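Generate coordinates for the sequence data below:
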Amino acid sequence: MESVSEDDSLTNLLTADKNHQLPPVTIDQKVTHSGSITHIDQHVEITPSKRRKSKDKNIKQDEERIVVNNDDVIKYIDKEIQNAAIPDEERNICGCSTTVLKIFIGIIIVIFISISWTCATQFGKSTYSVHFKAPYFTTWFTTCFMVAIYPIFMIPLMCKKTPWRLRTFLQESAIILGPRGLCLQSLTCFLFRVILPFCFTWLLTNYLYFRSLEKLLPGTVTAVFSSSSCFVYILSLLFLKDAFYFVRLFSVLLSIGGIVLIGYDEGFGNSNTIGIIFVVLAALGSAVYQVMFKRIIGNATGNQVAFFLTLLGIVNIVIFWPVLFILDFYNYETLDWNMLPWKFLIGTGVMGAIFNYLVNFGISITYPLFISVGVLLGVPLSSIVDAIVRNSSFDWIKIIAVAMVLFAFILMLIPNEKLNKYDHACVKKKKNGENV
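Numbers count the residues shown, from 1 in each chain. This next block holds a predicted model:
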């Protein structure tokens, strides 16, 4: 095949530049043979029109291939767009609206939250014996079960056939680590700067809770521990600049009165009073933990809290295990390694993990009020179990005291919006009275 000379090529190029178009260029090719493979070594230059046609054809093929490969993604996006246009209360799942389904799931979660909290407290009480009086060992061992919360929390997500589910879930969970997300540096800093102090507060709070079970019945412990919501409000006023409401001040005073009555019924000056002090300190520790979480982490989602608790369990296993042997060596705890109450320890750990899982899972899929109601129902349920299993009885003083604490807890559940409306109505009514 004849080649084009350099002078002719230059002439054609200048001519094409004037006419604002590029000339066609010939093809030089050389055919060689190498065994059974034929090679065509060529330098090909095609016209711009052919180049554009080839490029458009390749783009079209790529688009078709992308559409085919991402057909599930497109269907999912279309479905989400359609669902977004439908109000939540009108969406149907299994023949039920979303609101009805949320209420139904919330009721089930309420039942299991109250049962799991009651069982965890009852099992914790049953661990005590002549050979085992080790509240820290119980606390450390049950906290180890927190490691499983995040993987279990992912199970419902993995059952959904949606694209990017795992990656998106992990990215959303890792937001609490900081702007860098999930990386080794941010994870290490988060573990030592945030998780470590939270883990210490967690262990101290649960230690005081299990320590009080040595002296008191589970029903009494759960009733007094419910006063933690009042401590949360007091600390929120101081550190979170929460709004002040007279209703919540009355709730705090009512809760304190109930605790004093319970202490009076148990008998001031005896060993049961020490148990009351322990559980009140545990309620205060729980309030400190919640306010710290609100101030440092903020409004976290359910999967972020589950991720946080899993990291807390890991830090507990890695860092705080030497305390077990230190307390045992100095005889601060009675611990016979050959006669450990494994049944009750495992029961306490499993029920505690289920309780924390349901709290986080429930907040993410249903109304937060249901979670509070589940905790509230754990108090009378523990008292019923005490009466059946431990042959205990409540006199009228303790019944009144528990009712005061529970009523204070209910008052704390009133949303700020309702309280603001009530305050505005009272102010408006007062102004109208003055004008008259």
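
just checking, Phe123 touches Trp342?
No: the criterion here is C-beta atoms under 8 Å, and Phe123 misses it with Trp342 at 11.3 Å. In this view, the C-beta of every residue, glycine as well, is placed from N, C-alpha and C.

higher neighbour count, these two?
It is Phe123, of Phe123 and Trp342, that has more neighbours when counted by other C-beta atoms under 10 Å, with 24 against 10.

Distance check, that one against Ile115.
12 Å (C-beta to C-beta, to the nearest Å).

Which residue ranges make up the domains of the chain?
6-56, 105-427 (automatic domain parsing).

would you list those domains in a markdown table and tack on mean pLDDT?
Listed next are the domains of the chain as a markdown table, based on pLDDT from 0 to 100:
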| stretch | mean pLDDT |
| --- | --- |
| domain 6-56 | 45 |
| domain 105-427 | 86 |
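
Identify the residues contacting the residue nearest to Leu377 when sequence neighbours are not counted.
Nearest residue to Leu377, sequence neighbours excluded (C-beta to C-beta, 6 or more residues apart in numbering): Ser114, at 3.9 Å. Residues near Ser114 by C-beta atoms under 8 Å, 6 or more residues apart in numbering: Gly374, Val375, Leu377, Gly378, Leu381.

so which helix or strand takes in Leu182?
Assigned by DSSP states H and E, Leu182 belongs to no helix or strand.

count of residues packed around the nearest residue to it once chain neighbours are set aside?
In space, and not counting its chain neighbours, Leu182 is closest to Ala174: 3.7 Å by C-beta to C-beta, 6+ apart. Other residues near Ala174 come to 18 when the count uses other C-beta under 10 Å.

I'd like the numbering to begin with 795 instead of 1 from here.
Sure thing, new numbering starts at 795, so read that last one as Ala968.

What residues does Ala968 make contact with?
Counting by C-beta under 8 Å, 6+ apart, Ala968 has contacts Gly975, Leu976, Ser980, Phe1101.

Now, of these, which are buried?
Taking 16 or more other C-beta atoms under 10 Å as the criterion, what is buried in these is Ser980, Phe1101.

ok, the contacts of Ala968 vs Phe1019, which is closest?
The nearest member of these to Phe1019, counting by C-beta to C-beta, is Phe1101 at 25.7 Å.

Quick check: which element contains Phe931?
helix 929-937.

ok, Gly1052 - how many residues close by?
26.

and the gap between it and Phe994?
Taken as C-beta to C-beta, the span from Gly1052 to Phe994 is 29 Å.

Now do Leu1032 against Val1085, distance only.
For Leu1032 relative to Val1085 (C-beta to C-beta), the value is 9 Å.

With Ile1193 instead?
31 Å.

Have a look at those two and say which one is more surrounded.
Val1085 (20 against 13).

Which one of the contacts of Ala968 is nearest to Val1153?
The closest of the contacts of Ala968 to Val1153 turns out to be Phe1101 (C-beta to C-beta; 14.3 Å).

Leaving out chain neighbours, which residue sits closest to that closest one?
Ser967 (4.1 Å).

pretty sure the one you found is in a helix, no?
Yes: assessed by DSSP: H, G, I helix; E, B strand; the rest coil, Ser967 belongs to a helix.

residue contacts, it?
Neighbours of Ser967 in contact, by C-beta under 8 Å, 6+ apart: Tyr944, Asn1097, Gln1098, Ala1100, Phe1101.

please redo it, this time with the cut-off set to 7 Å
Ser967 makes contacts with Asn1097, Gln1098, Phe1101, as judged by C-beta atoms under 7 Å, 6 or more residues apart in numbering.

can you tell me the helix or strand for the last one?
Same thing as Phe1101. Per DSSP H and E: helix 1096-1113 holds Phe1101.

From the contact counts, what lies against that helix?
helix 929-937, helix 943-947, helix 959-967, helix 990-1006, helix 1136-1159 (3 or more C-beta pairs under 7 Å, 6 or more residues apart in numbering; DSSP states H and E).

Going by neighbour count, which residues of the fourth one are buried?
Using 16+ other C-beta under 10 Å as the test for burial, helix 990-1006 gives 992-993, 995-1006.

Could you do the second one as well?
For helix 943-947, a neighbour-count test (16+ other C-beta under 10 Å) marks Ile943, Tyr944, Phe947 as buried.

do the same with the third one
For helix 959-967, burial by neighbour count (16+ other C-beta under 10 Å) applies to Phe963, Ser967.

Next, the angle from that helix to helix 1096-1113.
If you take axes from the mean of the first three to the mean of the last three C-alpha atoms, to 10 degrees, helix 959-967 sits at 80 degrees to helix 1096-1113.

Quick check: phi and psi at Thr1128.
phi -90, psi 110 (degrees, to the nearest 10).

Would you check how far apart it and Leu1213 are?
Counting by C-beta to C-beta, the gap from Thr1128 to Leu1213 is 48 Å.

And Leu1007, by the same measure?
Applying C-beta to C-beta to Leu1007 and Leu1213 gives a distance of 35 Å.

do the same with Gly1168
Distance of Gly1168 to Leu1213, given as C-beta to C-beta: 23 Å.

Tell me which of the two has more neighbours.
The neighbour comparison of Gly1168 against Leu1213 (other C-beta under 10 Å) goes to Gly1168, with 24 against 16.

thinking that one is in contact with Ile901, fair?
No: in this structure, Gly1168 is not within contact of Ile901 by C-beta atoms under 7 Å, at 9.6 Å.

Tell me how many other residues surround the closest residue to Met1145 other than its chain neighbours.
Excluding the flanking residues, the one nearest Met1145 by C-beta to C-beta, 6+ apart is Ala914, at 3.8 Å. Counted with other C-beta under 10 Å, residues neighbouring Ala914 total 25.

what secondary structure does Ala914 sit in?
Criterion first, three-state DSSP; result for Ala914: helix.

That one and Met1198, how far apart?
25 Å.

again with Val1015
16 Å.

can you check Ser1021 too?
10 Å.

So which of those two has more stuff around it?
Comparing Ser1021 with Met1198 by other C-beta under 10 Å, the one with more neighbours is Ser1021, at 29 against 22.

Please list all residues in contact with the closest residue to Val1046 other than its chain neighbours.
Residue nearest to Val1046 in three dimensions, not counting chain neighbours: Cys1024, with 4.4 Å by C-beta to C-beta, 6+ apart. Contacts for Cys1024 (C-beta under 7 Å, 6+ apart) come out as Ser1045, Val1046, Ser1049, Ala1202, Met1206.

Filter those down to the ones in helices?
Of the contacts of Cys1024, the ones assigned to helices by DSSP state H are Ser1045, Val1046, Ser1049, Ala1202, Met1206.
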